[in-house]
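Engineer: Would you be able to build a 3D model of this:
(2 chains)
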Amino acid sequence: MAFDILIVDDSATTRAVIKRTIQMAQIPIGQLYQADSGKAALDVIAQNRVDLVLADLHMPIMGGMEMTFKLRANPATAAIPVVVVSAEPNQEHLDQLRGAGVKSIIRKPFTPEQVRTAICETLGVAHV
Amino acid sequence: MSNATVAVETLQPFLVDSLVEALESMFVLALPLESMPPCPMRLKTVTIGYSGPLNGELELLAPTELGLGIVSNLLGIDPDDPEAENRADDCTKELLNVVCGRLLLHLPDNALREVSMSLPRIAEKSAEPGWPSELPEAPTATAAVDADGMPIVLRIKVL
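Structural biologist: Residues are numbered from 1 along each chain as shown, chains lettered A, B, ... in the order given. As a prediction, this is how the structure comes out:
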């Protein structure tokens, strides 16, 4: 089974690094989508099947927290797993995200291994 | 003593480590500066604010070449490639974003539940805005390191 993954970060370089990490992780990938804001991410999800969202929190237009709450509030998207990749220090915000069902929170700076492990554990695939 | 003063004193011991850790995650080796070089000809100034129980800004002063170097390190793009130029500012802003997030983790727990970060802003400055003439001596709200041969200054500013 191939997984469709959405990477959400306003930093194009960070998105490229995460994309390369995913491609090198030998995870069966279908589509790799990218978005530079929470709003753009919701637009992608409205048009495409997405199996996993990797999202930053601090982004212009719409941040990752608001995006996550909107996903959870919509029955059509509530089950899409979200992994947060962020420099966010605020523990209250992180607790709220966990309460909203965020599967994993990776603090920046991240290692490729952290991203691989979070994706594999969230998708239930064997870690290569 | 004001909350702002307490915050600066709480954070300043971790300025260098937060900067070095972030640089190393982008494959940039950071070492102590032995002396303060003159301000780079082409300087980028990045700022990121934090607010909540205390309000302040982190300011990063770095040569334009730093962003190009990070792009090259992370994506394998030649620094002379126009694509590197396009992405350089993005990398420098992301560097400060990561530094700020790591630094603020050293706040007390109660402050950590209320602090917020802004989005980083970047500008090119041809003047010498606040470039130190001498190496900062601890304890100080200013840190300076050598990053792959480039001087970088990181400063906490209280608002």
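Engineer: Can you show me the helices along chain A?
Structural biologist: A:12-24, A:38-47, A:64-73, A:91-99, A:112-123 (DSSP state H).
Engineer: residues in contact with the third one?
Structural biologist: The set of residues external to helix A:64-73 that reach it, using C-beta atoms under 8 Å, 6 or more residues apart in numbering or on different chains, is A:8, A:38-39, A:41-42, A:45, A:53, A:55-58, A:77-78, A:80, A:82, A:84, A:86, A:93, A:96-97, A:100-102. Using the backbone N, CA and C atoms, a C-beta is placed for each residue, glycine as well.
Engineer: which among these are in contact with chain B?
Structural biologist: A:58, A:86 (C-beta under 8 Å from any C-beta of the partner chain).
Engineer: about what we covered before: any idea which of the helices of chain A gets closest to B:Leu95?
Structural biologist: Ranking those by proximity to B:Leu95 (C-beta to C-beta) places helix A:12-24 first, at 10.1 Å.
Engineer: mind listing what's buried in the closest one?
Structural biologist: Within helix A:12-24, the residues that qualify as buried are A:12-19, A:21-22, counting by 16 or more other C-beta atoms under 10 Å in any protein chain shown.
Engineer: And stretch A:87-100, by the same measure?
Structural biologist: For stretch A:87-100, a neighbour-count test (16+ other C-beta under 10 Å) marks A:87-90, A:93-94, A:97 as buried.
Engineer: Closest to chain B out of those residues?
Structural biologist: A:Ala87 (2.7 Å; C-beta to the nearest C-beta).
Engineer: State the distance from that closest one to B:Thr140.
Structural biologist: Between A:Ala87 and B:Thr140 the distance is 24 Å, computed by C-beta to C-beta, to the nearest Å.
Engineer: Which of the buried residues of stretch A:87-100 sits closest to B:Ala84?
Structural biologist: A:Ala87 (23.0 Å).
Engineer: Excluding covalently adjacent residues, which one is nearest to the closest one?
Structural biologist: Of all residues not flanking A:Ala87 in the chain, B:Gly101 sits nearest, at 2.7 Å (C-beta to C-beta, 6 or more residues apart in numbering or on different chains).
Engineer: what's the spacing between the one you found and A:Arg72?
Structural biologist: 24 Å.
Engineer: Just want to know which of the two has more residues nearby.
Structural biologist: B:Gly101 (24 against 17; other C-beta atoms under 10 Å in any protein chain shown).
Engineer: these two touch, right, the more buried one and B:Ser118?
Structural biologist: No. Assessed by C-beta atoms under 8 Å, B:Gly101 is found out of contact with B:Ser118, at 11.9 Å.
Engineer: centroid residue for the chain?
Structural biologist: In the absence of a named chain, this looks at chain A. Using C-alpha atoms, centre = their mean, the residue of chain A that lies closest to the mean C-alpha position is A:Leu54, 1.2 Å off.
Engineer: could you do chain B instead?
Structural biologist: Centroid-nearest residue in chain B, with C-alpha atoms, centre = their mean: B:Leu60, separated by 3.6 Å.
Engineer: element containing that one?
Structural biologist: strand B:56-63 (DSSP states H and E).
Engineer: packing partners for that strand?
Structural biologist: For strand B:56-63, the elements it packs on are helix B:3-11, strand B:43-51, helix B:82-104, strand B:150-158, judged by 3 or more C-beta pairs under 8 Å, 6 or more residues apart in numbering or on different chains; DSSP states H and E.
Engineer: Present these as JSON lines; the columns should include mean pLDDT and distance to B:Leu112.
Structural biologist: Formatted as JSON lines, the helices and strands packed on strand B:56-63 follow (pLDDT from 0 to 100; distance: least, C-beta to C-beta, whole Å):
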{"stretch": "helix B:3-11", "mean pLDDT": "75", "distance to B:Leu112": "11"}
{"stretch": "strand B:43-51", "mean pLDDT": "94", "distance to B:Leu112": "11"}
{"stretch": "helix B:82-104", "mean pLDDT": "94", "distance to B:Leu112": "7"}
{"stretch": "strand B:150-158", "mean pLDDT": "91", "distance to B:Leu112": "16"}
